[in-house]
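Student: Requesting a structural model of the entry that follows:
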Amino acid sequence: MPAWLFASLRGYRLSFLPRDLVAGIMLAAIAIPGQLATARLAGMPPETGLYAFAAGSLAFAAFGANRFISVGADSTIAPIFAGGLAAMTAAGSADYAGLAGMLAILVGAVLVLVGLLRAGWLASLLSIPVTTGFLAAISVHIVVGELPALLGLPAEQGPLLARLIHIIGRIGDTNPYPLAIGLAVLIVTLGAARISSRIPGPLIALALAGLAVALFHLQDHGLRLLGPLSAHLPHIALPSLAADNRLGSLLPLVLIIAMVCIMQTSAVARTFPSESKKRENISRDFAGVGAGSIFAGLLGAFPVDASPPSTAIVCESGGRSQMAAMAAVALTAAIAFLAAGALAYVPYAALSGILIYLAIRIFRLDDMIDIYRHGRRETLLVVASAALVVVLPIETGMLLAIILSFVHSLYIVARPPSAVLARVPGGTIWWPASREERGEHEPGVLVFAPAAPINFTNAAFICDTIMARVAEAREPVKLLVIEGSGIIEIDYTGAQLLQQTIADLRERGIEVALARLSDTRAQASARRTGLIEVLGEHRVFKSVEEAVRALSAQPHP
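Tutor: Next up, the predicted model:
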């Protein structure tokens, strides 16, 4: 067997098998109802959720690195691509299924490419506030989308807010039977999760709902049922499309789904590492999830992603390797084959209850409270990203939320913090002055500390800030010391603008020195771009105090 296949099974011991089998049983018990419900959320036949789980699990076991990650249909990405595909063709049609399969293949190709290029750093481009906001909005989309099935009302189409208003207007037509079933499933699932994550609440709830339908003939009271699963085994084939010219329209959606998969896979891999003292090969995990998405598309399913709750089940149940996921696939296949008739009694309202449970888990209220307490202004990012995804079509809102995260990170770099330093009383350390401890100021000396790399995005702002601090000084500045411990890079544009500022200051009779440029890359950049040459070697110091003593008109006593 090639060394790059089934990495999680290297060094496998027979003593691991009992734990993996127990974890596989628990995973299947959680995954089966979740995958059926997510397929509904994706606008696909219920059995395609099981295909997605099998494809994602087997492909990740073969090509991924993490021992615990569970891959399958995911409620985070399902409403995103369902909204995008529904704008192109009718949900539930053969053309819709073909587009979903092609989307899975393209998303998988992007993830495999990201893995091969070791571009895992892309996951850090989405900030936590923006991620929290759009996940909250996705949970709102899930709940509003499931309200018609839960209330026994006709399905709604159109923008989310318009659908919600229309549903509220028809609340008097609610059918109590699906509402009772959906709420009962939700309560059982929430209760089981609160007692122990090892209790397969969703499976118990679905079984009880199906038993209630069979015993009391609830289908006669307007309760829509799932119906029997397809008896045909999936086969590998390229998705068939009615019009290939729409593939270009899929590309923005492909990139959005791939970005969310990168973010979630990275988070799951870091939360559940294979070995606590060993660095995770996250790039390999991206490729594993990508391979799973490609395989799912070839089986007629849709994109897959790493699942945080399913991965947690594997870990908490004592799983030791991807053998647990493969055991879960085998058990799922057996249940789907032997109990396909029993699944026909599952009501859609029960699946709605499970999806609302998943929406509650996606809505990270604790994170929002924590961001408000410690991030303050970043709470606006949570609100803005959530509003974009709620008000606009979901794929457009997601794209703008991702752009918002990029703009926010660019703004932080382009408008970096800086400080005027003062000497700690009685010492030689220079520190940002505060109201509690103002520090000692040398007459005619200004010590300025930018806390960012100096590059084309922020150099003009930093230079303008320097000139403003010189103008605001309580007495004429004779020496400016740039404290460079926070400077990790200086690009050509930054160096040129800084040199021009130095020239302007010298014309005013102000000496300029550089101190504590400790980063080796920044030192090399400063020499390469000519900044050190303009300053002069005798004006570069290892400490602020050294610079002040050497160049100040009044040395420290």
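
Student: Could you use CA atoms for every contact and neighbour count after this?
Tutor: Fine.

Student: Show me this protein divided up by domain.
Tutor: According to automatic domain parsing, the chain comprises the domains 13-346+363-410, 418-551.

Student: Next, format these as JSON lines and append mean pLDDT.
Tutor: Below are the domains of the chain laid out as JSON lines (pLDDT from 0 to 100):
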{"stretch": "domain 13-346+363-410", "mean pLDDT": "88"}
{"stretch": "domain 418-551", "mean pLDDT": "91"}
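
Student: Deepest-packed of those, please.
Tutor: domain 13-346+363-410 (a mean of 21; mean count of other C-alpha atoms under 10 Å).

Student: And it, how far out from the chain middle?
Tutor: 13 Å (C-alpha atoms, centre = their mean, to the nearest Å).

Student: Now do the contacts for the residue most central in space within the chain.
Tutor: Centrality entry for the chain: nearest residue to the mean C-alpha point is residue 263, 3.4 Å, by C-alpha atoms, centre = their mean. Each residue near residue 263 by C-alpha atoms under 8 Å, 6 or more residues apart in numbering is listed here: 122, 123, 124, 126.

Student: switch the cut-off to 6 Å
Tutor: Residues near residue 263 by C-alpha atoms under 6 Å, 6 or more residues apart in numbering: residue 123.

Student: go on, residue 78?
Tutor: Applying C-alpha under 6 Å, 6+ apart, the residues contacting residue 78 are residue 42.

Student: follow-up on the earlier one: so the residue nearest to the centre of the chain, which of the three states?
Tutor: helix (DSSP: H, G, I helix; E, B strand; the rest coil).

Student: Spell out, range by range, the strands that occur in the stretch 451-557 of the chain.
Tutor: Using DSSP state E, counting those that start in this stretch, the strands of the stretch 451-557 of the chain run over 479-483, 511-515, 540-541.

Student: what does the stretch 51-200 of the chain give?
Tutor: 71-72.

Student: What segments of it are helices?
Tutor: 78-86, 94-116, 128-151, 160-169, 176-195 (DSSP state H, counting those that start in this stretch).

Student: Tell me where the stretch 301-450 of the chain has strands.
Tutor: 305-306, 418-423, 430-432, 445-450.

Student: Export those to TSV and append columns for distance to residue 378.
Tutor: Formatted as TSV, those follow (distance: least, C-alpha to C-alpha, whole Å):
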stretch	distance to residue 378
strand 305-306	27
strand 418-423	20
strand 430-432	24
strand 445-450	22
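
Student: For residue 362, which of those strands is the nearest?
Tutor: Distance to residue 362, taken as C-alpha to C-alpha, is lowest for strand 305-306 among these, at 14.1 Å.

Student: Direction included, what does that closest one pair up with?
Tutor: strand 71-72 (antiparallel) (DSSP bridges).

Student: Return the distance of the residue nearest to the centre of the chain relative to residue 274.
Tutor: Distance of residue 263 to residue 274, computed by C-alpha to C-alpha, to the nearest Å: 18 Å.

Student: Check residue 494 too.
Tutor: For residue 494, the distance to residue 274 (C-alpha to C-alpha) stands at 43 Å.

Student: In the beta-sheet assignment, what are the partners of the residue nearest to residue 261 when sequence neighbours are not counted?
Tutor: Counting by C-alpha to C-alpha, 6 or more residues apart in numbering, residue 261 lies nearest to residue 305, which is 5.7 Å off, once chain neighbours are set aside. Here residue 305 sits in beta bridges with residue 72, going by DSSP bridges.

Student: Residue 305 reaches residue 71, doesn't it?
Tutor: Yes. Using C-alpha atoms under 6 Å, residue 305 is in contact with residue 71, at 5.5 Å.

Student: How about residue 101: what's its closest non-neighbour residue?
Tutor: Closest to residue 101 by C-alpha to C-alpha, 6+ apart is residue 297, at 4.0 Å.

Student: tell me the secondary structure for the one you found?
Tutor: helix.

Student: which residues does it contact?
Tutor: With C-alpha under 6 Å, 6+ apart, residue 297 has these contacts: 101, 104, 105.

Student: can you rerun that using 10 Å?
Tutor: For residue 297, the contacting residues are 51-52, 55, 97-108, 236-239, 291, 303-304, by C-alpha atoms under 10 Å, 6 or more residues apart in numbering.

Student: now do residue 341
Tutor: When contacts are counted by C-alpha under 10 Å, 6+ apart, residue 341 touches 227, 228, 229.

Student: so how far is residue 335 from it?
Tutor: Counting by C-alpha to C-alpha, the gap from residue 341 to residue 335 is 10 Å.

Student: and what of residue 28?
Tutor: Residue 28 is 9 Å from residue 335, by C-alpha to C-alpha.

Student: between those two, what contacts are shared?
Tutor: residue 329.

Student: hang on, the earlier thing: which neighbours do residue 305 and residue 71 share?
Tutor: 52, 53, 56, 265, 288, 289, 292, 293.

Student: For residue 302, see how far away the third one is.
Tutor: Taking C-alpha to C-alpha as the criterion, residue 56 is separated from residue 302 by 10 Å.

Student: Which neighbours do those two have in common?
Tutor: 72, 73, 293, 294, 295, 296.

Student: I'd assumed residue 97 was in contact with the last one.
Tutor: No. Under the criterion of C-alpha atoms under 10 Å, residue 296 lies out of contact with residue 97, with a separation of 11.9 Å.

Student: Please identify every residue contacting each of those two.
Tutor: Joint contacts of residue 296 and residue 97 (C-alpha under 10 Å, 6+ apart) are 48, 302.

Student: now the helices for the stretch 201-350 of the chain?
Tutor: Using DSSP H, counting those that start in this stretch, helices in the stretch 201-350 of the chain cover 201-216, 247-271, 282-298, 308-316, 323-338, 340-343, 348-362.

Student: CA atoms of the helix or strand hosting residue 48 as PDB?
Tutor: Per DSSP states H and E, residue 48 falls inside helix 46-63. In PDB, the C-alpha atoms belonging to helix 46-63 read as follows (Å, rounded to 0.1, in the frame of the first residue of the first chain):
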ATOM      1  CA  PRO A  46     -32.800  11.800   1.300                       C
ATOM      2  CA  GLU A  47     -30.700   8.800   0.200                       C
ATOM      3  CA  THR A  48     -28.100  11.200  -1.300                       C
ATOM      4  CA  GLY A  49     -27.300  12.300   2.300                       C
ATOM      5  CA  LEU A  50     -26.200   8.700   3.000                       C
ATOM      6  CA  TYR A  51     -24.200   8.600  -0.200                       C
ATOM      7  CA  ALA A  52     -22.400  11.900   0.800                       C
ATOM      8  CA  PHE A  53     -21.600  10.400   4.200                       C
ATOM      9  CA  ALA A  54     -20.200   7.200   2.700                       C
ATOM     10  CA  ALA A  55     -18.200   9.000   0.100                       C
ATOM     11  CA  GLY A  56     -16.800  11.600   2.500                       C
ATOM     12  CA  SER A  57     -15.900   9.100   5.200                       C
ATOM     13  CA  LEU A  58     -14.200   6.600   2.900                       C
ATOM     14  CA  ALA A  59     -12.300   9.200   0.800                       C
ATOM     15  CA  PHE A  60     -11.100  11.000   4.000                       C
ATOM     16  CA  ALA A  61     -10.000   7.700   5.500                       C
ATOM     17  CA  ALA A  62      -7.900   7.000   2.400                       C
ATOM     18  CA  PHE A  63      -6.500  10.500   1.800                       C
END
